[in-house]
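J.: Predicted coordinates and the sequence they were generated for:
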Amino acid sequence: MKKLLIFLAILFAAVGGLIFYLFNREKGGVPILAYHQVNDVDQDEMTLRVDQFDAQMKYLVDEGYNVITPTELLDAWDGKGTLPPKPAVITFDDGHIEIYKNVFPILKKYNLKATIFIVTDFLSLYPNYLTWEQAKEMQGSGLVDFQSHTLNNKVLTKIKSRDKIWDQLQGSKQAIEWYLKKQVDFVAYPGGQYDKDVEMISKEAGYRAGFTFDYSLTHNLPQHYLLARIPIYGSNEHTFLRFKLRLEGAPIFAPLQRYRDRLIDDGNAEVASIILIP
C-alpha cells in the first residue's frame with residue numbers, strides 16, 4: 001500500500017509538472033477562435049446553434065477576455081501598441097448569410113469584434129452567402145472586419161499553378177478592397193492547408209499575415225504566415241464544455257492533437273483513436 005501511495009504521488013507530481021511546463025511554455029499566447037456556421041437548422045460538426053454561440057460570447061465577456069482584431073494583434077507585436085489583459089480574437093470562415101442574421105446581433109449585444117474571412121466569388125451570388133451590401137453594413141458598424149478566404153475556397157496546396165494560387169490570393173484581396181473600400185491584410189487558408197509556396201505567394205500578394213488551424217495559442221513569431229486558430233465548431237453534445245476546454249486548455253490539447261495527427265499519418269489510426277481531444 002505504501003509503495004502504491006509513493007507511486008501515485010510521483011505520478012501526480014510528474015503530471016502536475018508537465019501541465020505547469022506546458023502552460024508556462026504557452027505564456028503570452030493569444031487564442032484565435034475559428035467559427036464556421038451558426039444556425040438552428042444544420043446538424044453537423046461545423047455548426048453551432050445560435051444559443052450556443054451566444055453562451056460562448058457571454059463567457060468571454062464574463063471571464064474578462066478582451067476581444068481584439070488581427071490588426072490590433074499584429075500592431076502590438078510590431079511595437080505599435082500593447083495587448084490588453086486576456087486578449088482573444090474571433091474569426092469566421094466563408095461568409096454565410098447567417099453571420100448577418102445570427103452572429104451580427106450577438107456581436108452587437110456584447111459589443112464584441114469579429115473578423116470574417118470571406119470567399120469573395122460567393123458573395124451576392126449564392127443565397128446562403130452574404131451580399132456585398134450586408135458586408136458594407138457590418139463593416140460600417142466597427143465591430144466586423146472582412147478579410148480574404150480566397151476567390152472560391154479552393155485548397156491552395158492542391159493548385160499546381162503558381163499563377164492560379166496568385167489569382168486566388170490577389171483576386172480576393174482586390175475584390176474586398178474594391179467593394180468595401182478598405183485595406184485587406186489577412187488571409188485564412190482554405191482548409192487551413194499551406195506550404196512554402198502558399199506562404200511566399202501570400203507575402204508577395206501583400207498580405208501581412210496568414211491563418212491556419214491548430215489547437216494552440218498564437219505567439220509572436222518572426223514569421224506571421226502560419227498563425228494558429230483554434231477550431232470552435234459544433235457537436236452533438238457537450239458543446240459548451242468543448243469550447244471551454246479548447247479555449248482554456250489549448251497548451252495541453254495542442255501537443256496531444258499534433259501527436260494524434262502524426263500517429264494517423266504514420267498509419268496508426270487505431271492508436272490515435274485512444275487520444276481523446278475535445
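T.: Alright, I've got the coordinates. Numbers count the residues shown, from 1 in each chain.

J.: Pretty sure Lys113 sits against Val67.
T.: Yes - using Cβ atoms under 8 Å, Lys113 is in contact with Val67, at 5.3 Å. All C-beta atoms are positioned from the backbone trio N, CA, C, and that covers glycine.

J.: Neighbour count for these two, which is higher?
T.: Taking other Cβ atoms under 10 Å, Lys113 and Val67 do not tie; Val67 has more neighbours (22 against 19).

J.: what are the ranges of the helices in the stretch 151-278 of the chain?
T.: 162-180, 196-204, 239-248, 250-265, 269-272 (DSSP state H, counting those that start in this stretch).

J.: Which one of these lies nearest to Pro85?
T.: helix 239-248 (15.3 Å; Cβ to Cβ).

J.: CA atoms only for that closest one, dumped as PDB, please.
T.: What follows is helix 239-248, C-alpha atoms only, in PDB (Å, rounded to 0.1, in the frame of the first residue of the first chain):
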ATOM      1  CA  THR A 239     -20.600  21.800 -27.000                       C
ATOM      2  CA  PHE A 240     -20.100  24.400 -24.300                       C
ATOM      3  CA  LEU A 241     -17.700  22.200 -22.400                       C
ATOM      4  CA  ARG A 242     -15.700  21.600 -25.500                       C
ATOM      5  CA  PHE A 243     -15.500  25.300 -26.100                       C
ATOM      6  CA  LYS A 244     -14.200  25.900 -22.600                       C
ATOM      7  CA  LEU A 245     -11.700  23.100 -22.800                       C
ATOM      8  CA  ARG A 246     -10.300  24.300 -26.200                       C
ATOM      9  CA  LEU A 247     -10.100  27.900 -25.000                       C
ATOM     10  CA  GLU A 248      -8.600  27.300 -21.600                       C
END
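
J.: which residues touch it?
T.: Here helix 239-248 makes contact (Cβ atoms under 8 Å, 6 or more residues apart in numbering) with 31, 33, 48-49, 52, 55-56, 59, 88, 215, 230-232, 235, 253, 278.

J.: most neighbours, which of the residues you listed?
T.: Leu48 (27 neighbours).

J.: can you tell me which residues contact that residue?
T.: Counting by Cβ under 8 Å, 6+ apart, the residues that Leu48 touches are 35, 37-38, 56, 232-234, 239.

J.: and stretch 156-164, which residues are buried?
T.: 156, 159 (16 or more other Cβ atoms under 10 Å).

J.: what about the closest residue to Asn66 other than its chain neighbours, how many neighbours?
T.: Ranked by Cβ to Cβ, 6 or more residues apart in numbering and with sequence neighbours excluded, the top spatial neighbour of Asn66 is Pro84, at 3.9 Å. Pro84 has 14 neighbours, counted by other Cβ under 10 Å.

J.: out of the contacts of Leu48, which one sits closest to Gln193?
T.: For these, the nearest to Gln193 is Tyr233 (17.1 Å; Cβ to Cβ).

J.: Can you verify my assumption that the closest one contacts Thr47?
T.: Yes - counting by Cβ under 8 Å, Tyr233 touches Thr47, with 7.2 Å between them.

J.: Now the common contact residues for these two.
T.: His36.

J.: Give me the more crowded residue out of these two.
T.: Thr47 (21 against 17).

J.: For the more buried one, give me phi and psi.
T.: phi -120, psi 130 (degrees, to the nearest 10).

J.: ok, now which ones touch it?
T.: So Thr47 contacts 36-39, 233-234 (Cβ under 8 Å, 6+ apart).

J.: pLDDT-wise, what's the bottom of those?
T.: Across the contacts of Thr47, the member with the lowest pLDDT is Gly234, scoring 70.

J.: Which strand or helix spans the closest residue to Arg49 other than its chain neighbours?
T.: Using Cβ to Cβ, 6+ apart and skipping the chain neighbours, the partner closest in space to Arg49 is Asp40 (5.4 Å). Using DSSP states H and E, Asp40 sits within no helix or strand.
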